[in-house]
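K.L.:
Need coordinates for the following:
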Amino acid sequence: MLATHLPELEALERILDLGAPHLQVKVVHQVTSPAGTALPVYAIGLGNPDPDVPAIGFFGGVHGLERIGAEVVIAFLHNLVMRLQWDATLHSQLESVRLLFMPIVNPGGMLMGTRANPQGVDLMRNAPVDAVDKVPFLVGGQRISATLPWYRGLADRPMEAENLALCAEVRSELLSRPFSMALDCHSGFGASDRIWLPYAHTRKPITHLAEMQALKDVFLQTYSHHPYVFEPQSLQYLAHGDIWDYLYLEACTDPARMFLPLTLEMGSWLWIKKNPRQVFSLKGIFNPLIAHRQHRVLRRHLSLLDFLCRASASHTRWVPTGDARAKLHAEALRAWYD
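P.N.:
Predicted structure coming up:
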């Protein structure tokens, strides 16, 4: 029986009602599920819209199976909306930063319980970027059939509508500014929580390697006890069609602007280890199924998202220049590419 409602979307819309005086809300795309349900893709703005202030975007639900990614972003938005009722320091912080939220990029896939969107396309294999080195069979993206996972879509077609909507918002709210960041929340790889930086399509280091190393250093200085492994995605595997590679490469065409995209890859194998029966559920492979573990995961990452907001607002205090930048670049090469 096809599902006809999406709890995460309902929770998001309740938060939008609560935060209505402070939020700028748009429906950037409308998905129709196989059951005929209309599902909006929301883009939510918060903070200073001045194009000269820095910005950060938070994204979730790109893969419909990975509901916990959407839930982490929704939990953080809820945290901010409730704090806006009493937290004077948050109001002050929001004067110096712009926040963008797209918590459920792929509501059709989430409703259907599939990784792909309703057309069978994996949105993280759909961008017009081809890997320059060998990718793992199927996992790295394939054009054989939409009936197989990790389908990229046809080569001569535009990107899927969900990706086009995401790119339009990123260009408008993030890439238009002198400095911006993004965090895309996923789950399913390994037993550790990983923060991945580009690239996925090549093992070459990115242009802003020194800035990524500086961000990592600031985070480690701030949080001496944390669960994250920082690394380029290419250390684990390569893939075609990564949307953040595509947007990062576009951003790099303008040297006056800096865009630092990150992916939070929550390690779902740890949840399976604690509750082995989850392996018999497709949802359980990617999400914590026991309520107290889900609550723990939602709490666990709030400090990371809050840190990234503060780091974006204060980027002039940690983004390196001159000799310091060269030193950090060399450190990152030794750590990640030696």
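K.L.:
Every contact and neighbour count from this point should use C-alpha atoms.
P.N.:
Will do.
K.L.:
neighbours of the spatially closest residue to residue 42 that is not a sequence neighbour, just the number please.
P.N.:
Counting by CA to CA, 6 or more residues apart in numbering, residue 27 is the residue found nearest to residue 42 once chain neighbours are left out, at 4.7 Å. When counting by other CA atoms under 10 Å, one arrives at 12 neighbours for residue 27.
K.L.:
beta partners for residue 38?
P.N.:
Counting by DSSP bridges, residue 38 is bridged to residue 32.
K.L.:
Any figure for the gap between it and residue 167?
P.N.:
21 Å (CA to CA, to the nearest Å).
K.L.:
Would you verify that the residue nearest to residue 42 is located in a strand?
P.N.:
Yes - checked against DSSP: H, G, I helix; E, B strand; the rest coil, residue 27 lies within a strand.
K.L.:
how about it, what does it touch?
P.N.:
40, 41, 42, 43 (CA atoms under 8 Å, 6 or more residues apart in numbering).
K.L.:
Just the ones of those residues in helices?
P.N.:
Using DSSP state H, no member of the contacts of residue 27 sits in helices.
K.L.:
Strands - which of those land there?
P.N.:
40, 41, 42, 43 (DSSP state E).
K.L.:
Can you show me the helices along this protein?
P.N.:
According to DSSP H, the helices that the chain contains are 7-18, 67-83, 88-93, 107-112, 161-170, 209-222, 243-251, 269-274, 282-286, 291-300, 302-313, 322-336.
K.L.:
most neighbours per residue, which of those?
P.N.:
Most buried of the helices of the chain by mean neighbour count (mean count of other CA atoms under 10 Å) is helix 107-112; its value is a mean of 27.
K.L.:
Does anything pack onto it? Which helices or strands?
P.N.:
Packed against helix 107-112 by the contact rule (3 or more CA pairs under 8 Å, 6 or more residues apart in numbering; DSSP states H and E) you find strand 24-32, strand 38-47.
K.L.:
Ranking the ones you listed by mean neighbour count, which comes first?
P.N.:
strand 38-47 (a mean of 20).
K.L.:
Any idea how far it is from the middle of the chain?
P.N.:
Strand 38-47 sits 15 Å away from the centroid of its parent chain (CA atoms, centre = their mean, to the nearest Å).
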